[in-house]
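Q: build me a model from this:
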Amino acid sequence: MNTDELTMLTDFYEITMANGFLNEGIGDRIVYFDMFFRSVPDGGGYAVMAGVEQMIEYLNGLRFTDGDIEYLRGKNMFSEKFLDYLRGFEFECDVWSVPEGTPVFPGEPLVTVRGPAIQAQFVETMILLTINFQTMIATKANRIARAAEGRAVMEFGARRAQGAYAAVYGARAAYIAGCSGTSNVLTDKKYGVPALGTMAHSWVQMFDSELEAFKAYARNYPDDTTLLIDTYNVLRSGLPNAILAFNEVLKPMGKRPKGVRIDSGDITYLSKKCRAVLDAAGYSDCGIVASNSLDEYIIRDMLIQGAKIDLFGVGERLITSRSNPVMGGVYKLAAVEDESGNIIPKIKISENVAKITTPCFKQVYRLFDSGTSKAIADVITLHDEKIDASQPYELFDPEFTWKRKRVEGFFARPLLKRIFRKGKCVYESPSVEVLREYCSMQVDGLWEELKRFENPHKYYVDLSEKLWTIKNDMLRTYTVD
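A: Below is the predicted model:
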């Protein structure tokens with residue numbers, strides 16, 4: 001996608017604060033910001049991280065054009081000193097991120113930015129926009145893919161997406177999280193996500209008869225014939241005509257059909273009937289594709305009821321994450337450095353406990369059981385803390401500290417990886433195929449109880465004792481009279 005104008009895709013207060021920081025002489029002060037979220041969409045057990053590649057593209061392209069500066073000058077709000085700073089702007093921050101495809105949980109940093117206050121504050125909007133949207137879609141897609149129980153799921157949502165960027169990046173995120181492909185051609189061209197499609201009802205309507213339409217399609221695409229059979233009547237005309245087209249066009253060519261698609265009606269009932277007729281006609285290898293406002297709950301119920309579906313096409317309820325269309329990620333100051341380079345923790349306190357932030361420059365470790373390789377818990381630590389897996393480790397609930405668990409026989413992996421060093425990208429984004437395989441492996445490393453759609457098991461994100469002590473002391477300092 002064209003990133004030339006993304007520098008100015010920001011909230012206006014990012015610019016007013018940047019101007020103020022510079023004028024007050026604190027624009028170069030080194031600060032630390034964390035991006036995190038507070039709750040999992042749809043009440044699920046985990047989210048799936050996505051959007052890092054597009055965050056990198058944005059940060060690599062971060063610069064102010066003459067047109068940008070003239071626009072800001074026209075506001076009559078910003079000092080010439082600030083506009084001169086923007087003219088020579090070069091991104092200088094360090095950035096750490098959890099890799100795409102990783103299951104992530106509330107409260108833990110997904111992205112950490114360290115750098116001059118002007119810069120680290122300014123990138124807030126685009127980091128949130130990029131990570132929030134793709135993580136939301138990846139999370140929804142992963143739920144839908146799991147509901148399909150190994151059957152293919154195609155992302156069909158471009159025409160319902162909320163804009164071109166959403167269509168392309170949403171399809172990318174869906175593929176990473178478990179979908180098998182997309183209807184979106186641009187996403188295939190840019191990222192290699194397999195683009196597939198069949199026909200619309202208009203194809204059938206353009207011919208004098210349904211049979212003629214099916215034969216024409218089979219002649220044009222003999223190696224990829226999937227016929228839409230619900231334009232008129234699935235069982236009375238669509239399926240019989242499809243079988244005639246298979247027999248009269250494909251069979252003489254030595255070809256086999258890929259499938260038939262049902263886009264309306266009681267798809268569970270129709271799929272059972274179609275499966276029996278196709279098998280009797282010698283086409284047991286012909287798949288049945290279902291589409292029409294599907295989501296994880298409908299797919300789950302269809303399969304429970306015995307639907308004979310081989311591939312699900314999911315559109316609007318995936319690309320918009322219709323049941324929970326907002327990923328509430330936030331970007332908060334966690335620490336600043338003094339003139340000697342000492343890290344000074346910062347905290348935001350609220351009557352709403354969920355909005356209290358965790359201070360300090362941090363790392364996140366995931367603890368895995370050595371025997372099963374299943375994830376046990378995540379631990380947020382100070383950035384330079386190490387978890388010694390050769391020794392027992394005590395987990396405790398940060399809110400209910402008497403809830404404790406001693407774990408042994410585990411290994412620990414840090415989640416936050418360095419993406420930028422002093423403004424230069426030091427990370428090579430994997431292909432979507434690699435990310436998709438990685439995501440599958442990481443989700444397999446979660447206990448099944450955590451994957452329930454309703455009332456999933458709570459996965460603990462704990463604080464190390466050192467970090468908890470700092471946070472607790474700051475809370476006492478600011479809240480005790």
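Q: could you pull out the strands for the stretch 301-450 of the chain?
A: 311-314, 330-337, 343-345, 362-369, 375-382, 393-396, 404-407, 410-414, 417-421, 424-425 (DSSP state E, counting those that start in this stretch).
Q: for the stretch 101-250 of the chain, what spans make up the helices?
A: Residue ranges of the helices in the stretch 101-250 of the chain, as given by DSSP state H, counting those that start in this stretch, are 117-122, 124-147, 164-176, 185-191, 201-205, 210-220, 239-245.
Q: for Phe361, find the nearest of those helices.
A: Ranking those by proximity to Phe361 (Cβ to Cβ) places helix 117-122 first, at 12.2 Å. C-beta here means a position set from N, CA and C on the backbone, and glycine is covered the same way.
Q: contacts for the closest one, please.
A: Here helix 117-122 makes contact (Cβ atoms under 8 Å, 6 or more residues apart in numbering) with 10, 14-15, 17-18, 21-22, 26-33, 85, 91-93, 113-114, 336.
Q: buried among these? Need that as a selection in ChimeraX.
A: A single ChimeraX command suffices to select whichever of the contacts of helix 117-122 are buried according to 16 or more other Cβ atoms under 10 Å:
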select :10,14,15,17,18,21,22,27,29,30,31,32,33,85,91,92,93,113,114,336
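Q: what's the domain layout of the protein?
A: Annotated domains of the chain cover 6-137+325-479, 142-319 [automatic domain parsing].
Q: mean pLDDT added to those domains, as a markdown table?
A: A markdown table is the format used below for the domains of the chain (pLDDT from 0 to 100):
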| stretch | mean pLDDT |
| --- | --- |
| domain 6-137+325-479 | 96 |
| domain 142-319 | 98 |
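Q: so of these, which one's packed in deepest?
A: Across these, averaging neighbours per residue (mean count of other Cβ atoms under 10 Å) puts domain 142-319 on top, at a mean of 19.
Q: helix or strand for the most far-flung residue of the chain relative to its centre, which one?
A: Within the chain, the residue lying farthest from the chain centre (Cα atoms, centre = their mean) is Pro252, at 45.6 Å. Assigned by DSSP states H and E, Pro252 belongs to helix 251-253.
Q: okay, the helix or strand following that helix in PDB with CA atoms only?
A: Using DSSP H and E, the helix or strand that follows helix 251-253 in sequence is strand 259-262. Taking C-alpha atoms only, strand 259-262 is exported to PDB below (Å, rounded to 0.1, in the frame of the first residue of the first chain):
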ATOM      1  CA  GLY A 259     -16.900 -28.500  -6.000                       C
ATOM      2  CA  VAL A 260     -20.300 -27.000  -5.800                       C
ATOM      3  CA  ARG A 261     -21.200 -23.900  -3.800                       C
ATOM      4  CA  ILE A 262     -24.300 -23.200  -1.800                       C
END
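Q: hmm, back to that, got the strands of the stretch 301-450 of the chain as JSON lines, with distance to Arg322 columns?
A: Listed next are these as JSON lines, based on distance: least, Cβ to Cβ, whole Å:
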{"stretch": "strand 311-314", "distance to Arg322": "11"}
{"stretch": "strand 330-337", "distance to Arg322": "23"}
{"stretch": "strand 343-345", "distance to Arg322": "39"}
{"stretch": "strand 362-369", "distance to Arg322": "30"}
{"stretch": "strand 375-382", "distance to Arg322": "29"}
{"stretch": "strand 393-396", "distance to Arg322": "36"}
{"stretch": "strand 404-407", "distance to Arg322": "37"}
{"stretch": "strand 410-414", "distance to Arg322": "34"}
{"stretch": "strand 417-421", "distance to Arg322": "31"}
{"stretch": "strand 424-425", "distance to Arg322": "35"}
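Q: and Glu449, which of these is closest to it?
A: For these, the distance to Glu449 is smallest for strand 375-382, at 11.8 Å, taking Cβ to Cβ.
Q: tell me what angle the closest one forms with strand 362-369.
A: Inter-element angle recorded for strand 375-382 and strand 362-369: 160 degrees (by axes from the mean of the first three to the mean of the last three Cα atoms, to 10 degrees).
Q: what helices or strands is strand 375-382 leaning on?
A: strand 362-369, strand 393-396, strand 404-407, strand 461-463, helix 465-479 (3 or more Cβ pairs under 8 Å, 6 or more residues apart in numbering; DSSP states H and E).
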